[in-house]
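K.L.:
Mind folding the following:
(one chain, ligands or ions: 1)
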Amino acid sequence: MTASDKAFTGSIPQIYDQLMVPLIFEPYAQDLAQRTTARRPRDVLETAAGTGVVTRALHAGLPPDVRITATDLSEPMLMLAKTHFAEGNRMTWQQADALALPFADASFDAVVCQFGVMFFPDRLKGYAEARRVLRPGGRFIFNVWDRIEHNAFPQVVHETLQQLFPDNPPQFFTRTPHGYYDIGRIKADLTAAGFIDIEIETVTHRSRAASSHEPATAFCQGTPMRGEIEARGTPGLAAVTQAVAEALERQFGRGPIEGRIQALVISAA
Ligand SMILES: C[S@@+](CC[C@H](N)C(=O)[O-])C[C@H]1O[C@@H](n2cnc3c(N)ncnc32)[C@H](O)[C@@H]1O
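P.N.:
Down below sits the predicted model:
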């Protein structure tokens, strides 16, 4: 992982929230929230909460007396998440690195993290922190993307970028969001961090968009891939986004398009 892979700043949070979240994050947010609420926790911590799609599902699904603490490394992402909530709600918001959580040992019944651990520079440290703040019997519930070959739109975006920049291809997708899918490795990392009861399930959904321009803009401009494209200069962000939209259209057709998305959902105690 490079330092720029976790740069959810500048124009990225807004485009991420408007386009990326409905495209691929919403169904998994409902899934993680349901798994969490089913355990009837009293105190829930969310790490890498981003613009709050899981936070909203937790808020809707958990009884009003349950305390929800939402954290993220990126203050701009968290600021945007807050705008989705009314004043005076029960939420606690805190900027926090998941590798150094500012909470006492055994403070939460569940730690939830949607598509965040791939961005942790030291996953064992992140997992050990989740374990430290969990009460006995508490669970760490999180998800990661499966390999890029099982995720239709990102794969076409990735392949198009390899063709556009043959001498210096951007590798963000395969290095980070789609770079941590090996079940044996995930289990070994969790075991090394002290988790013993580990369940991993493959969950598939469909990703839908009104046209190829939505995923092209979402992936090229609403993720840290944006920085990789901009760093390469010509042909520039707009031209690259257009080329990606055309590649998506060739693959999935004009007008509304859809494709498979696949993730691993993990629950560890
Ligand atoms: C792909 S986004 C997922 C956001 C959100 N969970 C969602 O489902 O939309 C990854 C998030 O991880 C956050 N992140 C990256 N490194 C982190 C760290 N060390 N600690 C906490 N959050 C981190 C980023 O700021 C970003 O908001």
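
K.L.:
going forward, measure contacts and count neighbours with C-alpha atoms only.
P.N.:
OK.

K.L.:
surely Glu246 meets Ser212?
P.N.:
Yes. In terms of Cα atoms under 8 Å, Glu246 counts as a neighbour of Ser212; the distance is 7.3 Å.

K.L.:
between these two, who's got more neighbours?
P.N.:
More crowded of Glu246 and Ser212, by other Cα atoms under 10 Å: Ser212, with 26 against 18.

K.L.:
now that one, nearest residue through space, not along the chain?
P.N.:
For Ser212, the nearest residue in space outside its immediate sequence neighbours is Ala245; the separation is 5.1 Å by Cα to Cα, 6 or more residues apart in numbering.

K.L.:
surely the one you found meets Ala216?
P.N.:
Yes. Using Cα under 8 Å, Ala245 makes contact with Ala216 at a distance of 5.0 Å.

K.L.:
Between the two, which is the more surrounded one?
P.N.:
Ala216 (26 against 23).

K.L.:
where's the closest residue to Pro27 other than its chain neighbours, which helix or strand?
P.N.:
On the basis of Cα to Cα, 6+ apart, the spatially nearest residue to Pro27 that is not a chain neighbour turns out to be His205, at 7.3 Å. Assigning secondary structure by DSSP states H and E places His205 in strand 198-209.

K.L.:
Against which helices or strands is that strand packed?
P.N.:
Packing contacts for strand 198-209, counted by 3 or more Cα pairs under 8 Å, 6 or more residues apart in numbering; DSSP states H and E, involve helix 183-192, strand 257-268.

K.L.:
could you redo those as TSV and give each row distance to Leu164?
P.N.:
As requested, the helices and strands packed on strand 198-209 are exported to TSV (distance: least, Cα to Cα, whole Å):
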stretch	distance to Leu164
helix 183-192	32
strand 257-268	23
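
K.L.:
Please name whichever of these is nearest to Arg135.
P.N.:
Smallest distance to Arg135 across the helices and strands packed on strand 198-209 (Cα to Cα): 12.7 Å, for strand 257-268.

K.L.:
Around the residue in the stretch 151-269 of the chain positioned nearest to the ligand, count how many other residues there are.
P.N.:
When you check the stretch 151-269 of the chain against the ligand by Cα to the nearest ligand atom, the closest residue turns out to be Pro177, at 7.2 Å. Residues near Pro177, counting by other Cα under 10 Å, number 22.
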